[in-house]
Structure formats: C-alpha cells, structure tokens
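> With the sequence up front, the predicted model follows.
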Protein chains: 2
Amino acid sequence: MQTNGIDLLVLFPSPNLYYLTGFMENPGERVLMLILPASGEPCMVVPQMYKTHIGHDAWVSDLRAWKDGDDPVSLLKQAIDEKAPNPKKVLVDDQMWSLFFLPLQQVIPGAKFDVASSLLGQLRMRKDAAEIDLLKSAGKMADQTFEWIITQPFEGSTENEIANLLSAKMTELGGEEVAFTIVASGPNGAMPHHNTGSRKIERGDVIVMDFGCRVGGYYSDITRTVICGEASEEVKKVYEIVKQAQAAGVNASKPGATCESIDQVTRAVIDEADYAKEFLHRTGHGLGLELHEPPYIVTGDKTILEPGMTFSVEPGIYIDQKFGIRIEDIVTITNDGVMPLNQCTHEMQIVK
Amino acid sequence: MQTNGIDLLVLFPSPNLYYLTGFMENPGERVLMLILPASGEPCMVVPQMYKTHIGHDAWVSDLRAWKDGDDPVSLLKQAIDEKAPNPKKVLVDDQMWSLFFLPLQQVIPGAKFDVASSLLGQLRMRKDAAEIDLLKSAGKMADQTFEWIITQPFEGSTENEIANLLSAKMTELGGEEVAFTIVASGPNGAMPHHNTGSRKIERGDVIVMDFGCRVGGYYSDITRTVICGEASEEVKKVYEIVKQAQAAGVNASKPGATCESIDQVTRAVIDEADYAKEFLHRTGHGLGLELHEPPYIVTGDKTILEPGMTFSVEPGIYIDQKFGIRIEDIVTITNDGVMPLNQCTHEMQIVK
C-alpha cells in the first residue's frame, strides 16, 4: 500500500476479506467492514451478533461492535478518523454494495477511490502450495462426480433432477458448498449460462453440465458435454472441434505466455473450422476463492502467466436453438508448463 | 420516478433486476445493466453470451450486447446519453458492486446518487397474492423438512451432515435453491450466524437449525432449536422464554402496528426474564426475493405494517460458550391480523 501511495483499504464481506482476515461471510444488509490503514493495526466495524464469530475466525483483534438499531456509519467514521485521518487514496472492495459505498464516500468526501483488486488481485492470483492442494481436492471431487453421473439414466430426467444428483454427489464426496450446477439440455445448451430448469431430456439431446464445489474455500469448476442415446454427424463434428480447441489452449499454457495468447490459440482452432461467431465467450477465467477472478483468458488481458496461476480453459460452440458444446478443465501453471486439475476424459460420452 | 424527481434507474444482477425484468442472475464480473429512464423505453447492456438467455427471460427487448474483450463502459455511456442525457438524480441498485459503480459515477459525473430500494423497496415489501402463494409453498417445504429431520439420529453426526440432510430434503421436496443451512450445536449455537462445521453432536447439546429454500424465486426461512437426549434446567427455562417472546411478537403483528413496536414486544419478554444482553439481534427481517429485505423488525424502523408485508419473527438468547436458542417463523400481515407461513410445532423437541 505504501509503495502505491494508498492510505486506506476498506473491505466488506467478500473473498478479499476472507483472504486477509480468515473470516468468511456472504454480503448482507448490515455494516461489516475491515479498516486497514497503510501503517498501524487494522480494525473491524462489526454487527454485535457477529462479534464472537469474527473473534473466533479472524486475525483482527480490534473489533468495534454495533447493535441492531444503532448508527453504524458514525462508528465507521470514527474508526477511519482514528486509523487513517483524511485519506487521499482509498481502495474499496470490488464487491462492496453501493448501499455501503455511498455512505463511505460521504464519510471521506476528499478521497479518490479505486477497487481493491488493483492491489489484492496481484497477490490472490498467484496460488501457493496450500492453495493448490485445496484446488486439486476440489477438482478431484468434480472429476469423480462426472465419472459417476454418466452411469446414471438421463433420458426422461429433467435438468433439475440431473443437477440435484450432481449436487448430492459432490456433497457426499465432501464438497463444502455446491457452488452452482448448470445442466443445459438440447436447445438450452445454446445459452452458456442457462438457468437449469424443468425441461425433460430426450434421446438425441446434447447435454452441457457445468458444475463445481468448494474445499477449504477454494472452488472447482468443470464442464463436460454428453449425448443422450446417439450423436448426429453435426454434433460429432462440433464436439471434435471444441475438444481440439480446448487441448490447444491447455498445451499453450506455460510460464511466460500471456493470458490473451491462450485465448488466441483456442479461438484460432474454432475460427479455422468456421465457428468463430458461435464461440460466444472468452476462453477462461481465474479461479480460487472466487469462481471467476483474475487473470482472465481474454483479448486484452496481458497478464504474463507465472507458476501458481490457476484458471479455466473452456471453449464452447453454441448453435442457436439447437445445442451447445463446451469442455472445461482447470489448470495450474507450474515451473515449466501446466498441470490440469481435472483428469477425467475429454472423449465424447454417450449416456442412456 | 417522475413524482420523486428521479431521471434514471440503473440496476445490476440482483433481486431488483428480477422484480422489474424477469431475468434472474447472480452478480458477476461482466457489465450487465438495466438502464431505465423516467420516460421512454428501458434498455439493457448485456454480455453477448447472455443475450439469448436474457431475450428469453426478460421483458426488456432493447438489448445491447458486448463481447468479451470489448469495452462495455462506452456502450453503457452511449445508452445513458441516449435514454437519459445528463441525469441529475440517479438511483442505483443497492447491491451494485463498486467495481461497476465507480465507472458509472465517471460516466455521469454530475449526477446525485441514491439507492434503488428508496423507491423499489416500497413496491417489493407489499406482496401480492401470487407472491404470497410462493412464500407459502416455500414455508411448507421448510416445515416438512423440520418434521422429518427430528426423526433422524443426531448424536455422533456432524453439523455438516445434518445440514446436508436438510438440504437434500428441501431439494427432494422441490425447493429450487437451498439458500443456506445453519446447524450450530452446543457452544457454536451462541454465534447466531455460525458457519456450519465439522463439530460432532453430543448428548445434551442444544442444536439451532436455521434453513430455507426458494420456490419461484421466493424464500422460506425457519429456525427451530432441538435438544439431543436431555435438556438441562437452564435450557428448559431459556427455551420457554424464547418461545413466549416469539409468540408475543407474532400476536402483536397486525395492520397499523409499526415494525419497531413488534421488536419492542418481543424484546420486553426477554428483558423481563433478565436476558436482555443475551438477545444479540433485531427481532426480524422482511423476506421475499431476498432472504433479508425491508421492512426490518428493529428499533428505528417505523414502517407501518400493511396487508401483504411478510417478515420473520425470530428472537433468540445466546449464552456465550454454552448454547443458543432461537425460534423463527415467517408471517404475512392480513387484512385484520397475521398469518404464519410456518406451521410446525414450537414445543421443545428432544432428538436422538
């Protein structure tokens, strides 16, 4: 912070807060903030009902509690006046709600604000050995869940039913929190972030399954696309292209390459096959305490890959109104190359 | 908006966005905004990969898509310049991340900002018949889950295992999304928002279970406290006080009463029994598309209750290092009184 001329960092319940304090909570309507000055001890302004909990989990010992019915903004102002009076340059949590950021701006009207990730992103995107172990464990649960789900009957099941099976399996394997489960069948597969619904799976459907869970706060995220019964020639063709694009992206990932170069490699395979317009999104995203976090494998992200950086490689082709195909693995950059954290097959699987 | 002199409303993926457009999505790192001027048609700035999905779900037809790698902020600026040039008073989503709010402030530097709930909260807190039906269905799933869980073995199970059973049951009953499951046993119960963990339940433990799910986007939220094996005299005494406080709060809920008066009624029972300091939080919160939303049953919330308003009544007593007891029902204000949306017993249940 001192090197960058930053006087104060203010966080809100978020992955950043967990990373710096050890306290994990979802955002809520109560003021709960970390006040971290460039020098001296940090403090937290916390709801009274969380005080024991935060005292137990967080490394910060100076906790200033307010009760429901009190005015927490005056407590916040007092804490800032004491820790970093009249701060000029302040970083705020990227995910801080405007409900809290608006009063914060009023409390320190002279400050210039930027997002916390401009500083913390640099730390968080380089995973250490302990973080990689957790990411590996989470990845293994996703693999095992995929290997199991393809033994289950698909035809006649709804997307929700398949999603529930995926969630239950990850939970059984020890996933702490099932983060999301996208099951997109038939034409729904053409929407990359389809909300899993009540559509019944039919013979001939292409089914995109994108799911993951957490271990020790760290995510897994895998996508596999399977076919119910029999694949058409078009589906077989598109599947091969996506498979090759995904492999090309993984093979290009190594220390020294830029994030955008991985996107270009993946995209080139799909462009070459004349599906450029059907590849609707970037190639991937970083992953750790958040499902999506820096670095991003996208045009414009010039981050140079370093050992420990962990991200998804997940090209997809989406044929509007018909089907979608996406294959996704998480990979970690090593000293001399790349280590996939997902091991299960990329070959097209036919389910019943 | 015109009555209140508001020129522009800008929303981000949130319950407000779902309420106004029919499109539901979690917040993410991509710019996705609704631009709603005080007069004329709204538009949305959306990531390309969501366009089909949003076109399918949302009532807004003017969708302006950007691709990964493009600059979405210039698209946002162009949309605002067209729909509401130089807006003076702008409402932004309460939950908009500072990551997006900071560039929005730069795009319209002359504007004065306030949170969207200052306007939308008034609409959202009065539930109509269709909304109440969904809340009832969600409440029934929570009730049935409680009635089932108390037939299961607790002694020797971990908090996580009990939480998984609760989640699986709600999913089996048709809950679309299991929102949260707090299982706090023994001393952990003294932390109202304890993160469910690996502690094994022992004979004599008091176990707080706070859980819920969604139906059609609307939440349920129930808390019951059960005892493993046998209750001490202290536990029996505290349980009775919480039960009486909860019932007093529900009985006082009717059209014309203020929110804070319900808090006072509940609190008076606990104060009278000399546990004022152990009641760590407000009496309750509104609930609908969000788990916590206006009105709040807390000192200072002078909202006058009207038919359709729906909220929790959930007093608790927390004995530090020992145990916690909380009882929570959701209630809806009717034309002449109150209708609880949870029906399962308030009597102390002993589990095995």
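Arrived safely, thanks for sending.

> okay, CA-based contacts and neighbour counts for the rest of this
Fine.

> how about the nearest residue to A:A245 once chain neighbours are set aside, what does it touch?
Leaving out its chain neighbours, the residue that sits closest to A:A245 by C-alpha to C-alpha, 6 or more residues apart in numbering or on different chains is A:T266, at 4.7 Å. By C-alpha atoms under 8 Å, 6 or more residues apart in numbering or on different chains, the contact set of A:T266 is A:A245, A:Q246, A:A248, A:G249, A:T283, A:P315.

> what separates the second one from B:D128, distance-wise?
When distances are taken as C-alpha to C-alpha, to the nearest Å, A:Q246 and B:D128 turn out to be 49 Å apart.

> which of these two has more neighbours?
A:Q246 (28 against 12; other C-alpha atoms under 10 Å in any protein chain shown).

> what separates that one from A:V206, distance-wise?
From A:Q246 to A:V206 the distance is 18 Å (C-alpha to C-alpha).

> any chance you could map the helices in chain A?
A:15-21, A:51-57, A:72-83, A:98-107, A:117-124, A:129-149, A:159-172, A:233-252, A:259-272 (DSSP state H).

> so what pLDDT did A:E272 get?
On the pLDDT scale, A:E272 is placed at 98.

> what's A:Y50 in contact with, if anything?
Going by C-alpha under 8 Å, 6+ apart, the list of residues near A:Y50 reads B:M191, B:P192, B:H193.

> Repeat that for A:L165.
A:I149.

> Tell me how far it lies from B:F323.
For A:L165, the distance to B:F323 - C-alpha to C-alpha - is 35 Å.

> ok, now A:K83?
A:K83 is 35 Å from B:F323, by C-alpha to C-alpha.

> okay, now A:E306: neighbour count?
Close neighbours of A:E306, defined as other C-alpha under 10 Å, add up to 22.

> so it touches A:P255, yeah?
Yes - between A:E306 and A:P255 there is a contact under C-alpha atoms under 8 Å: 4.8 Å.

> which residues are common contacts for the two?
What both A:E306 and A:P255 touch, as defined by C-alpha under 8 Å, 6+ apart, is the set A:I333, A:T334, A:N335.

> What's the ChimeraX syntax to select whichever of those residues are buried?
Buried residues among the shared contacts of A:E306 and A:P255 (16 or more other C-alpha atoms under 10 Å in any protein chain shown), as a ChimeraX selection:
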select /A:333,334
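
> quick check, nearest of the shared contacts of A:E306 and A:P255 to chain B?
Relative to chain B, the closest of the shared contacts of A:E306 and A:P255 is A:I333; by C-alpha to the nearest C-alpha it sits at 22.8 Å.

> residues in contact with the closest one?
By C-alpha under 8 Å, 6+ apart, the contact set of A:I333 is A:S253, A:K254, A:P255, A:L305, A:E306, A:P307, A:G308, A:M309, A:T310, A:M339.

> ok, for it, nearest residue in space, not its chain neighbours?
A:P307 (4.7 Å).

> just to revisit the earlier point, will you turn the contacts of A:Y50 into JSON lines that also has distance to chain A and neighbour count?
As requested, these are exported to JSON lines (distance: C-alpha to the nearest C-alpha, whole Å; neighbours: other C-alpha atoms under 10 Å in any protein chain shown):
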{"residue": "B:M191", "distance to chain A": "6", "neighbour count": "25"}
{"residue": "B:P192", "distance to chain A": "6", "neighbour count": "25"}
{"residue": "B:H193", "distance to chain A": "7", "neighbour count": "17"}
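
> one step back: taking the contacts of A:T266, tell me the two that lie furthest apart.
A:A248 and A:T283 (11.3 Å; C-alpha to C-alpha).

> These two: who's more crowded?
A count of neighbours by other C-alpha under 10 Å puts A:T283 above the other of A:A248 and A:T283, at 29 against 19.

> center of chain A, which residue is that?
When C-alpha atoms, centre = their mean is applied to chain A, the residue found nearest the centroid is A:L291 (1.1 Å).

> Got the confidence number for the residue nearest to A:I333?
For A:P307, the pLDDT comes out at 97.

> do A:A168 as well
A:A168 carries a pLDDT value of 85.

> For it, give me its contacts.
Contacts of A:A168 (C-alpha under 8 Å, 6+ apart): B:A168.

> A:R64 now?
Shown in contact with A:R64 (C-alpha under 8 Å, 6+ apart): A:C43, A:M44, A:V45, A:V46, A:L75.

> who's it bridged to?
Beta-bridge pairing of A:R64 under DSSP bridges involves A:V45.

> How about the residues of chain A by chain B?
Within reach of chain B by C-alpha under 8 Å from any C-alpha of the partner chain, chain A has these residues: A:28-29, A:48-50, A:52-53, A:67-69, A:92-99, A:101-102, A:113-115, A:164, A:168, A:171, A:191-194, A:280-282, A:292, A:298-300.

> let's see it at 6 Å
Taking C-alpha under 6 Å from any C-alpha of the partner chain, the part of chain A that reaches chain B is made up of A:49, A:53, A:68-69, A:94-99, A:191, A:280-282, A:299-300.

> And for A:N26, the neighbour number?
8.

> One more: the one 4 residues further on?
By other C-alpha under 10 Å, 14 other residues sit near A:R30.

> what do you get for A:W59?
Using other C-alpha under 10 Å, A:W59 has 13 neighbouring residues.

> Quick check: chain neighbours aside, which residue is closest to it?
Nearest non-adjacent residue to A:W59 (C-alpha to C-alpha, 6+ apart): A:T21, at 5.4 Å.

> Also A:V265?
Excluding its sequence neighbours, the residue lying closest to A:V265 (C-alpha to C-alpha, 6+ apart) is A:G249, at 5.9 Å.

> what stretches of chain A score poorly on pLDDT?
By pLDDT under 70, chain A has no low-scoring segment.

> same for the longest strand seen in it, what does it pack against?
Looking across chain A with DSSP state E, the single longest strand is strand A:206-215. Using 3 or more C-alpha pairs under 6 Å, 6 or more residues apart in numbering or on different chains; DSSP states H and E, the elements in contact with strand A:206-215 are helix A:129-149, strand A:178-185, strand A:222-228.

> ok, the residue nearest to A:I333 - contacts?
For A:P307, the contacting residues are A:I333, A:T334, A:N335, by C-alpha atoms under 6 Å, 6 or more residues apart in numbering or on different chains.

> Chain neighbours aside, what residue packs nearest to the last one?
Read it as A:N335. Per C-alpha to C-alpha, 6+ apart, closest to A:N335 is A:P307, 5.4 Å.

> related to what we said a few turns ago, buried subset of the contacts of A:I333?
With burial judged by 16+ other C-alpha under 10 Å, the buried subset of those is A:S253, A:K254, A:P255, A:L305, A:E306, A:P307, A:G308, A:M309, A:T310, A:M339.
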